[in-house]
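With the input below, show me the fold.
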Amino acid sequence: MTDLLSFPNPVNEKAARVVAAGVVLLSLAALLPGLTWLAAPIAAGFLLRVASGPRFSPLGLLATRLIAPRLGPARLVPGPPKRFAQAIGATLSTAAALAYLGFGAAGPARLLLALIVIAASLESVFALCLGCMLFGQLMRAGIIPADVCLACNDVGLRYRQNG
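Prediction:
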C-alpha cells in the first residue's frame, strides 16, 4: 500500500509543467458560466496527484507518459516541494468545489479557481512554482524539517543530480 501512495522523488520538471498547463486549461474552463462544477474533477486530480504523483491522475499520466517524453531529456527536480504545491492546489480546488457544489457560492469558487490559474500559469510558462517557493521558506523557518527534502536542503545535490 505504501508504494501505491508514494510520490516520486525526483520529479521531471517538464512533466510538472505540462500538468500545470492542463490545470490552467481546466481551471479557465471552470471559470466560464455554467462550468464551475469542473472544480470537482480538478480537485480530484489534485488529490490523486498528492496521494501518488501521476500514477492515478489522468492528467499526470498524460503528462508523464505521452507529452513530457517528447519534450527532450527529463529535468529532475526534488519531489517533496512539488507534492506540497499539489497539496495547495488540492486545498484551493476542494474549497472551490465545496463552495460551489455545497453552498452555491459561485463567486468565491471562481476566485479560488482564478488563484489556481495564476499559480499554475506561473509554473507552466515560467517554471516558477509558488508552492515550491513556500516550501523552501517553511524549510528555512524550520517548520518543515530538513530531512523531508535532502536535495532542497543541500543545493549541491540538485546540481550533481542534473549535471
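
Mind listing residues that contact the one helix or strand Ala85 maps to?
Element membership for Ala85, per DSSP states H and E: helix 79-97. With contact meaning C-beta atoms under 8 Å, 6 or more residues apart in numbering, helix 79-97 is reached by 7-11, 16, 23, 27, 30, 36, 39-40, 42-43, 46-47, 49-50, 53, 108-110, 112-113, 115-116, 119-120, 123, 129-132, 134-136, 148-149, 152. Using the backbone N, CA and C atoms, a C-beta is placed for each residue, glycine as well.

if you look at those residues, which of them are in helices?
Mapping the contacts of helix 79-97 onto helices (DSSP state H) picks out 16, 23, 27, 30, 39-40, 42-43, 46-47, 49-50, 108-110, 112-113, 115-116, 119-120, 123, 130-132, 134-136, 152.

which stretches of the chain have low pLDDT?
1-2, 154-163 (pLDDT under 70).

again, only using 50
Scanning the chain for pLDDT under 50 picks out 156, 158-159, 162-163.

how far away is the spatially most central residue of it from Phe46?
Geometric centre of the chain, nearest residue: Gln86, 3.3 Å, by C-alpha atoms, centre = their mean. Relative to Phe46, Gln86 is positioned 6 Å away (C-beta to C-beta, to the nearest Å).

again with Tyr100
Taking C-beta to C-beta, one finds Tyr100 at 16 Å from Phe46.
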